[in-house]
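# what would the 3D arrangement of this be:
(chains A and B, ligands or ions: 2)
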There are 2 protein chains.
Amino acid sequence: MNIDVLQKRIRLPKLREKVTSAEAAAEHVKDGMTVGMSGFTLAGCVKSVPHAIAKKAATRPLKISLLTGASLGNDVDSALTNAGVLARRSPFQTDRTLRNAINRGEIMYVDNHLSETGEQLRRQQVKPVDVAIIEAVSITESGEVIPTASVGNNEIFAAQANKVIIEVNLAYSLEMEGAHDIYCASHFPNASPIGVMSPRDRIGSIGIPVPPEKIVAIVITDEMDTPSQNLPPDAETAQIAGHLIDFFKNEIRHGRLTESLRPLQSGIGTIANAVMSGLQTGPFSHLTMYSEVLQDSTFELIDAGMMDFASATAITLSDQKSREVFGNFGRYKDHVVIRPQRISNHPEVIQRLGIITINTALEADIYGHVNSTHVMGTHMMNGIGGSGDFTHNAHTAVFVTKSVAKNGVISSIVPMVPHVDHTEHDVDILVTEVGLADLRGLAPRERAQTIINNCVEGEYKDMLKEYVREANLRGGQTPHVLEKALSWHQRLHETGSMKETAKAG
Amino acid sequence: MNIDVLQKRIRLPKLREKVTSAEAAAEHVKDGMTVGMSGFTLAGCVKSVPHAIAKKAATRPLKISLLTGASLGNDVDSALTNAGVLARRSPFQTDRTLRNAINRGEIMYVDNHLSETGEQLRRQQVKPVDVAIIEAVSITESGEVIPTASVGNNEIFAAQANKVIIEVNLAYSLEMEGAHDIYCASHFPNASPIGVMSPRDRIGSIGIPVPPEKIVAIVITDEMDTPSQNLPPDAETAQIAGHLIDFFKNEIRHGRLTESLRPLQSGIGTIANAVMSGLQTGPFSHLTMYSEVLQDSTFELIDAGMMDFASATAITLSDQKSREVFGNFGRYKDHVVIRPQRISNHPEVIQRLGIITINTALEADIYGHVNSTHVMGTHMMNGIGGSGDFTHNAHTAVFVTKSVAKNGVISSIVPMVPHVDHTEHDVDILVTEVGLADLRGLAPRERAQTIINNCVEGEYKDMLKEYVREANLRGGQTPHVLEKALSWHQRLHETGSMKETAKAG
Ligand SMILES: CC(C)(COP(=O)(O)OP(=O)(O)OC[C@H]1O[C@@H](n2cnc3c(N)ncnc32)[C@H](O)[C@@H]1OP(=O)(O)O)[C@@H](O)C(=O)NCCC(=O)NCCS
Ligand SMILES: CC(C)(COP(=O)(O)OP(=O)(O)OC[C@H]1O[C@@H](n2cnc3c(N)ncnc32)[C@H](O)[C@@H]1OP(=O)(O)O)[C@@H](O)C(=O)NCCC(=O)NCCS
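Ligands and ions are numbered 1, 2, ... in the order given. Below is the predicted model of the structure:
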């Protein structure tokens, strides 16, 4: 490699001696270790050493406990799963191969609130990280490690590990230096306030301070993050966005919001991205985000002049958007900041800023309890991610979902969700393509009426009305017919559809 | 009444003209209004005007929406329920008459996180308070209203209402002046940090600033709060406390805690009080509390020299303890502070202080999801109270429960809870008299093993093992047999017992 490039990317001279192969770096990872890797919803994932670890496992016994920021890209989770390397995994994933192994009970998956993984390490409530493997655009003269498209838990992994491996990724421009804001929340018992008073506030340094003697290997890579595979907005996601825009307009009319709304958080996935994108059609200006991930929609809003600033811990884009944004990062640098996930998801900051949170539900029940994670109540989809951090502490907590899934054989509104990630206490607004249910200040029986009337249609609406009628006869604050509460899921399991007509047919 | 007493209790002269009867004061409360009343877990409840309102309803149509701090004493909730006055009630209650009306669907009960009721009012997300009725020990020269044994939501009720009614209660000593710390969290968008860095920090004023022209009536009362009816510690609560003390000792041994632990929060009720009381037998010193309610156990620990300081929003005591503490309040004044519930329960402060939270579960399931509120998943017991505020943001979140209820016909550990208030993401430690399950860092299948092995015994243990065996055959991150998940509750409903032997018999 060009020595000039190396000098620019690794500016502390003695560290250049640490440049080595992925295979050599992987030798530092031993059986039984806990490994902390960079990577948050595909972004900033280490791309080379993990595959060397997987290869190494073919010849030697090698099981590790893997912690990350959130989900990884670049086939890392599937390669490690296929190689049988993962004994334990935390706190989030979106990989089909890994998910299947988790659901077979082969990998112990600890699905954490993303704000808490680092705290549990700091408090020594879980096993400490032995080795940290972190992606960087560069290492500065003073030895600060500058992350790439995400920060995640990197600062705590690096602080806790005895050995740190850096992957310097040439595919990301040095223009990214200055995009990050690395702050290590002070420890108990000397805790002090976290100084973020608005999404654009900077409170830390541009890189992660890592003592050079801890850096045992540096590997050079040149590969972009896996692009996100969100589907484009469709008629239904446009309808969901439309209902939400109408709601915001009404809040503005009543003086409860202004045209810049509140700082916005938006979850991962197709629906949340499409809804954010749909905000372009609304009468908003000077929008801001305080979120964990920025998707394509954020940059569309910035380009449209509607969004002033966005804070997150990761930037995860489609192939096309990724070229535009990372190919010309200087253009966006004054509009974004990338923080540790402890800060992007911190309850203190979320409470203070008064955030409107928009997350996607797998399913919700008539009382507004939301299942974000467990298909049929048992099988892990992705994980709770930051949806709990944001929903618990929101100014207004919105959940979006299409009213049906899988061509209509599944209703996303059910009598009782078989797994609860968010309780009725925390869910303010529920939106499907059918309509919007404003649940604020309503008691459970009222919530049921509102959700069924506004968010469901057709056969499922009739079925839910009948369920409520029967449940109300039994009484209670939150009426249910216990023996029928999960019957829709049982029917789906047995007949392939939640519909009663399917059963008869 | 003695004019001298009046001058001491109402030190702003022009306000003395407002002294009137409860009946006259009640005239300010009109049909359809939203009323904000003081009172938090029996403490600081207004005692006279509510009964006048109930009486008034006998002759005229009068339905109100009633907001409080938390539960009321002095028969207020039952009198208002019996008089048919309550259309809506929020955010917490513990009254049998009211509970039954709620469960019949007659009163719309909105069971809120206690930190949020005031915020929703401030954000105008729910109907505003028209009239505030607040108990006070006195009104100062400058018109500050000094609360009695609780603050609750009084500061926001008083700020929002057009009319404020004060009950000056002579039964509480003027020595209480200075015991409170009234701070109104600044509004969006100019939010700033809440300055509580340790439980003893004072950040506000000693009373609630109320513009004198808003005070439309002052009623004089002379009656103590209803005493708490907690049962004394028994063999099982002593065992629960013992397991928890052993856990704390082990944490100290490993350097994760010191002998002063972390600031403690403890929930309401017999079990939590008994467990706190049990801490006296442990090797602790310089304990502190940052809680919502102080019960007898707090003052036992202070008297024993083991606790330095306790912060809360209410003091709720047994008859005997109440005489000791309120009869000699000067003795405790340097050891306690009473704050608004927005501050006692604020996620920012709870996160910063790193609190160990101890709350009681009605029941928990094998994966550690907790039901705190709904008997059989449908019938409201009390409400979630502050248990969510504290559990979400805890350093270590503990739930305690006896392993069985109602002489053993109910197992408090079940395959699936039919109502979730706290998810597995938030529950760290589960304790029954059988033992303690340390769930930190465990995946769901591991959580199930740990809970069943450590917290359950006898027939229920065998039944849960069999359930897990069958569920694991179906696979998943969180295995369940959907058609049997709620069968224990169904069996209880049908046969009067969760036991299979009962069904056969
Ligand atoms: C809930 C979540 C899976 C939805 O993802 P999405 O991409 O927006 O939504 P989709 O409608 O495309 O659904 C994704 C899949 O779930 C399936 N699905 C949707 N609703 C379902 C239901 N009720 N039952 C079963 N499957 C369902 C879809 O059919 C689709 O399946 P496929 O991948 O086999 O095509 C995703 O948002 C998530 O993991 N959320 C939890 C984490 C989170 O909220 N983080 C927020 C902060 S990052
Ligand atoms: C859960 C809670 C009701 C327990 O109260 P407690 O007084 O400590 O516990 P007890 O064991 O005496 O139980 C209270 C009642 O619930 C019943 N009970 C307990 N477990 C039960 C179960 N699994 N199913 C049905 N009933 C149950 C008891 O039999 C008892 O009934 P009774 O009043 O008719 O005698 C109470 O702690 C609560 O309301 N918690 C929610 C609010 C909260 O946690 N606040 C914390 C911050 S203040």
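# what's the span of stretch A:288-295 from first residue to last?
Taking C-alpha to C-alpha, to the nearest Å, stretch A:288-295 runs 14 Å from one end to the other.
# right, I mislabeled it, should have said stretch A:116-127
Across stretch A:116-127, the terminal residues are separated by 14 Å (C-alpha to C-alpha).
# contacts for that stretch next, please.
Residues from elsewhere that reach stretch A:116-127, judged by C-beta atoms under 8 Å, 6 or more residues apart in numbering or on different chains: A:34, A:65, A:67, A:90-91, A:112, A:128-129, A:153, A:155-156, A:160, A:187-188, A:340-342, B:254-256, B:354, B:395-396, B:425, B:428, B:440-441. Backbone N, C-alpha and C define where each C-beta goes, glycine included.
# just the residues you listed: which are in strands?
Mapping these onto strands (DSSP state E) picks out A:34, A:65, A:67, A:90, B:396.
# can you redo the residues you listed as CSV with neighbour count and distance to A:Ala310?
CSV is the format used below for the ones in strands among the contacts of stretch A:116-127 (neighbours: other C-beta atoms under 10 Å in any protein chain shown; distance: C-beta to C-beta, whole Å):
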residue, neighbour count, distance to A:Ala310
A:Thr34, 21, 32
A:Ser65, 22, 33
A:Leu67, 27, 26
A:Ser90, 21, 27
B:Thr396, 22, 34
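# list the buried ones in the helix or strand where A:Leu98 lies?
If you go by DSSP states H and E, A:Leu98 is part of helix A:96-103. Going by neighbour count (16 or more other C-beta atoms under 10 Å in any protein chain shown), the buried part of helix A:96-103 is A:98-103.
# can you list the domain ranges for chain A.
A:3-221, A:235-495 (the TED database).
# C-alpha coordinates for stretch A:477-484, PDB please?
The C-alpha coordinates for stretch A:477-484 follow below in PDB (Å, rounded to 0.1, in the frame of the first residue of the first chain):
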ATOM      1  CA  GLN A 477     -60.000  -2.900  33.500                       C
ATOM      2  CA  THR A 478     -58.600  -4.800  30.500                       C
ATOM      3  CA  PRO A 479     -61.200  -7.300  29.500                       C
ATOM      4  CA  HIS A 480     -60.100 -10.600  27.800                       C
ATOM      5  CA  VAL A 481     -61.400 -14.000  27.100                       C
ATOM      6  CA  LEU A 482     -58.300 -15.800  28.300                       C
ATOM      7  CA  GLU A 483     -59.000 -19.100  26.400                       C
ATOM      8  CA  LYS A 484     -59.400 -17.100  23.100                       C
END
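# which bits of chain A sit near ligand 1?
Residues of chain A lying near ligand 1 by C-beta under 6 Å from any ligand atom: A:267-272, A:292-293, A:359-360, A:362-363, A:372, A:375, A:381-382, A:384-387, A:402, A:405-406, A:410, A:412.
# what's the pLDDT at the closest residue to A:Asp438 other than its chain neighbours?
Distances taken as C-beta to C-beta, 6 or more residues apart in numbering or on different chains place A:Ile429 nearest to A:Asp438, at 5.9 Å, with adjacent residues excluded. Note on A:Ile429: pLDDT of 98.
# sorry, back to before: near ligand 2, from the ones in strands among the contacts of stretch A:116-127?
Applying C-beta under 6 Å from any ligand atom to these, none is adjacent to ligand 2.
# for the longest helix belonging to chain A, packing partners?
The single longest helix within chain A, with elements called by DSSP state H, is helix A:235-253. Counting contacts by 3 or more C-beta pairs under 8 Å, 6 or more residues apart in numbering or on different chains; DSSP states H and E, helix A:235-253 packs against helix A:270-278, strand A:396-400, strand A:429-431, strand A:436-438.
# the following helix or strand past the last one vs helix B:96-103, what angle?
Okay, so that is strand A:436-438. Once the chain leaves strand A:436-438, the next helix or strand it forms, by DSSP H and E, is helix A:444-455. Going by axes from the mean of the first three to the mean of the last three C-alpha atoms, to 10 degrees, helix A:444-455 is angled at 20 degrees with respect to helix B:96-103.
# next structured bit after helix A:444-455?
Where DSSP H and E defines the elements, the next helix or strand beyond helix A:444-455 is helix A:458-474.
# for the closest residue to ligand 2 within the stretch 351-500 of chain A, grab phi and psi.
Ligand 2 sits closest to A:His425 of the stretch 351-500 of chain A, with a gap of 11.8 Å, by C-beta to the nearest ligand atom. The phi and psi torsions at A:His425 (degrees, to the nearest 10) take the values phi -60, psi -20.
# pretty sure A:Arg440 is touching A:Leu430, no?
No - counting by C-beta atoms under 8 Å, A:Arg440 stays clear of A:Leu430, with 11.1 Å between them.
# which one's more surrounded, those two?
Just comparing A:Arg440 and A:Leu430: by other C-beta atoms under 10 Å in any protein chain shown the higher neighbour count belongs to A:Leu430, 26 against 15.
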